[in-house]
Each structure stands twice: as structure tokens, then as C-alpha cells.
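Visitor: Sequence unavailable; structure follows:
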């Protein structure tokens, strides 16, 4: 069990923004493992002396091995409004990833159709029109290369399961540590994928908000790159 309290970046009566550590589930699942949603409910219950069940709405997810910024809704109204933003494309999610090798094009857009195998929890590239396939779109830009690795900034335009991992492996540049999709090409180690920037409009105050979080710069392979220069307000 993780005894540490969740790291909260912002909270008010409507939302709470927190950091999800790597290898912690975003929400309850079949594994019954500890998860950030329940940890935050416990945090709210203790901090505010709440009695009974605590409401906290799951707005979006991060894959278990991915760390970074997440927002949760403290009211059903906030949850509905944030969900509407996501559907309208007004929810900006940016990631940093260390890739195995540098893509031939320093920047570009990847558009693919993905299908999930729920039996083994693995996502595959597939032809358009495949039954159950969903469109996945992302933009990437290589910011630095070093020692056969590339630091890339990635912006998602869709929110598909394992999207970045599958699409980058699809162009033969898997995320460092992603043995599931990149095999030995990905190199062994903790998955180098971090949700570093989250931007949305506050569901009640109507103000645009942006939250940033630097990946663990003291850990390999992040320590090879100047990640701090990318993770700062603009």
C-alpha cells in the first residue's frame, strides 16, 4: 500500500487537480489495487471531516504506468461540464515521452484507427472500418535527441487507451520502457511517459486554467534531457 498522501496541485469546491504517480491506477478496477480516485476521496474526507460517502467524479484517465496531472470533479455539475469540454475538444492534454530513436520527421501528426482487445488489455493498429475501431489523432514534436533517444512533446486530440504507446510504436519509435508495444526495441526500464500539461476551462468560474508537472528528472532516462526548460508557464 502507498502510505503517502496524494499530491494536490489545486482544489476548490468544484474540482481537484492532483498528480498521479506512475504504476498507480487512476480509478478502481478489477485488480482491486489502490488507486488515485479512492486516495483523493480519503484525502477529502479527512481534510474536511466529511461524513459518509464522498463524491468525486472521474473526468479522464491515465494508463497505470503513466504519471502526471489529472483533474477530478467534486460535484456532478462540474463533472458534466468537464465531460462536455472533452467532447468539444476544449480539453488540452500534453505529454512528454522519451522515444527509442528519433523519428525521421521532427514533428508531425499521427492519425490511426485503434482497436482494443479486452481479453489481454492490448490495443492494436487496424484498418479504418474495422468493427470496434476508434480514431486516434496526436501531434508530436521532437525537442531534444541524445544517446539514441529522443525527448518528444505530444499533444492528444483523442483520448484512446494506450494511444501514445501504440502510435509511436507504429512508426518504429516506441516509448522507452514500453516492452508491451515496443518489445526489446523500447529498452528495459520504467515507462518514460508523463502527462505534464493539462489545460481546461473551470466548470464554474469559466476561467482558463493550466497545470504543469515535471517528470521525475532525477530518474533515467529523463535525467539525460533538459525537461525543466519545457515544463514552465508560458
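Guide: Great, that's in hand. Model, not experiment: these values are computed from the prediction.

Visitor: Every contact and neighbour count from this point should use C-alpha atoms.
Guide: Noted.

Visitor: Measure how far the top strand by length along the chain is from the centre of its chain, please.
Guide: As assigned by DSSP state E, the longest strand anywhere in the chain is strand 134-146. Relative to its chain's centre, strand 134-146 lies at 14 Å (CA atoms, centre = their mean, to the nearest Å).

Visitor: Direction included, what does it pair against?
Guide: Sheet pairing of strand 134-146 (DSSP bridges) gives strand 107-117 (antiparallel), strand 149-156 (antiparallel).

Visitor: Give me the distance from the last one to the chain's centre.
Guide: This means strand 149-156. Taking CA atoms, centre = their mean, the mean C-alpha location of strand 149-156 is offset from the chain mean by 13 Å.

Visitor: avg pLDDT for the helix or strand following that strand?
Guide: From strand 149-156 onward toward the C-terminus, using DSSP states H and E, the following helix or strand is helix 163-170. The average pLDDT within helix 163-170 is 97.

Visitor: Quick one: list the elements packing against helix 163-170.
Guide: Contacts defined by 3 or more CA pairs under 8 Å, 6 or more residues apart in numbering; DSSP states H and E place helix 163-170 against strand 122-126, helix 179-182.

Visitor: if you set the cut-off to 10 Å instead, what comes out?
Guide: With contacts defined as 3 or more CA pairs under 10 Å, 6 or more residues apart in numbering; DSSP states H and E, helix 163-170 has these neighbours: strand 92-100, strand 107-117, strand 122-126, strand 134-146, strand 149-156, helix 179-182.

Visitor: Run the angle between that helix and strand 92-100 for me.
Guide: Here the directions of helix 163-170 and strand 92-100 differ by 40 degrees (axes from the mean of the first three to the mean of the last three CA atoms, to 10 degrees).

Visitor: any idea how far residue 195 lies from residue 156?
Guide: 10 Å (CA to CA, to the nearest Å).

Visitor: wait, I meant residue 102
Guide: Counting by CA to CA - residue 102 and residue 156 are separated by 19 Å.

Visitor: any low-confidence regions in the protein?
Guide: Within the chain, the stretches with pLDDT under 70 are 1-3, 233-234.

Visitor: Would you mind splitting it into its domains for me?
Guide: Split into domains by automatic domain parsing, the chain comes to 1-88, 92-189.

Visitor: what's residue 17 in contact with, if anything?
Guide: Counting by CA atoms under 10 Å, 6 or more residues apart in numbering, residue 17 touches 7-11, 40, 69-73, 198, 211.

Visitor: Okay, and which of these map to helices?
Guide: residue 40 (DSSP state H).

Visitor: Check the secondary structure at the residue sitting furthest away from the middle of the chain for me.
Guide: Distance from the C-alpha centroid of the chain peaks at residue 51, with 31.4 Å (CA atoms, centre = their mean). Secondary structure, DSSP: H, G, I helix; E, B strand; the rest coil: residue 51 is coil.

Visitor: Please determine how far it is located from residue 102.
Guide: Plainly put, residue 51 is 52 Å away from residue 102 if you go by CA to CA.
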